[in-house]
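> structure, please.
(one chain, ligands or ions: 1)
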Amino acid sequence: MSESYVSGASPTPFTVPAGKTALLVIDMQRDFLLPGGFGESLGNDVNMLRSVIEPLAALIAAARESGVPVIHTREGHLPDLSDCPPAKLNRGMPSQRIGDPGEFGRILIRGEYGHDIVDELAPIDGETVIDKPGKGAFYATELTEVLEDAGITTLLVTGVTTEVCVHTTVREANDRGYECLVVSDCVGSYFPEFQRVGLDMIAAQGGIFGWTSPSDDVIDALRELTPSPALHTNRI
Ligand code: TIU
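Model (predicted):
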């Protein structure tokens, strides 16, 4: 099928066009998901995010099976912090700041163990990994070029955290003309009320920022796409 539908999506059914859809996996990094990383240094209970891993692993597997490219992002900075504005470095009252030595290397620094993606969701050969210094995946990255080169119009958005990097990215994507569906059980927040309201805000007002749906319905739609042999190798 050249397109399929997430029929139960809010606020309306969502079209998944074959060859024009990518799965975006935002910041599923050890520093946010494991104790001892940046998320915990900000005072958060990282266990709140771990429920995302299992459904997201299943969704990533379905995307790969359907020939839908998977694009991963990682939030982090150069070792000399030249890409980290003081406003970000000094914000809040973290027990450890970006660049400080943590349990998994220097916190949110590219190349460190904690900066990389959790083992369960590790990118496979050929998948794009976007390193981003900000909360949004479009700011100061090559994401626009990657999507344009691959002819992507539609994003299935997952990752952490719902109200910070997922929201910022979906808002950036909207202003650039992308259709976004946020997969409700594949995004996570340290705050249950932010999770609920963050998802509601996407689909409110007739889908002001896009659509939401649980992953089961998205996986059903992905399975209805018939991957051509070309699409199977269409990793970006
Ligand atoms: N603190 C928080 O909720 N999130 C971040 O700092 N980064 C992302 O969301 N990736």
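> which SSE is Asp216 in?
Assigned by DSSP states H and E, Asp216 belongs to helix 215-224.
> look up how far the ligand lies from Arg110.
Arg110 sits 14 Å away from the ligand when distances are taken as CB to the nearest ligand atom, to the nearest Å. C-beta: built from backbone N, CA, C; applies to glycine.
> and the pLDDT at the nearest residue to that residue once chain neighbours are set aside?
Of all residues not flanking Arg110 in the chain, Gly76 sits nearest, at 4.8 Å (CB to CB, 6 or more residues apart in numbering). pLDDT recorded at Gly76 is 98.
> so where do the strands sit in this protein?
Chain-ordered strands for the chain, with DSSP state E as the definition, fall at 3-6, 14-17, 21-26, 70-75, 101-102, 105-106, 128-132, 154-160, 179-188, 211-213.
> so Asp45 is in contact with Ser189, correct?
No. Using CB atoms under 8 Å, Asp45 is not in contact with Ser189, being 10.9 Å away.
> who touches Glu172 in this structure?
Glu172 makes contacts with Gly136, Ala137, Phe138, Tyr139, as judged by CB atoms under 8 Å, 6 or more residues apart in numbering.
> cool, and Leu143?
Neighbouring residues of Leu143 by CB under 8 Å, 6+ apart: Ile71, Thr73, Ile130, Lys132, Ala137.
> could you list the buried residues of stretch 115-127?
Within stretch 115-127, the residues that qualify as buried are His115, Asp116, Ile117, Val118, Leu121, Pro123, Glu127, counting by 16 or more other CB atoms under 10 Å.
> would you turn these into CSV with pLDDT?
As requested, those are arranged in CSV below (pLDDT from 0 to 100):
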residue, pLDDT
His115, 97
Asp116, 98
Ile117, 98
Val118, 98
Leu121, 98
Pro123, 98
Glu127, 98
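> end to end on stretch 13-22, go ahead and measure it.
Looking at stretch 13-22, the gap from its leading to its trailing residue is 18 Å under the measure CA to CA, to the nearest Å.
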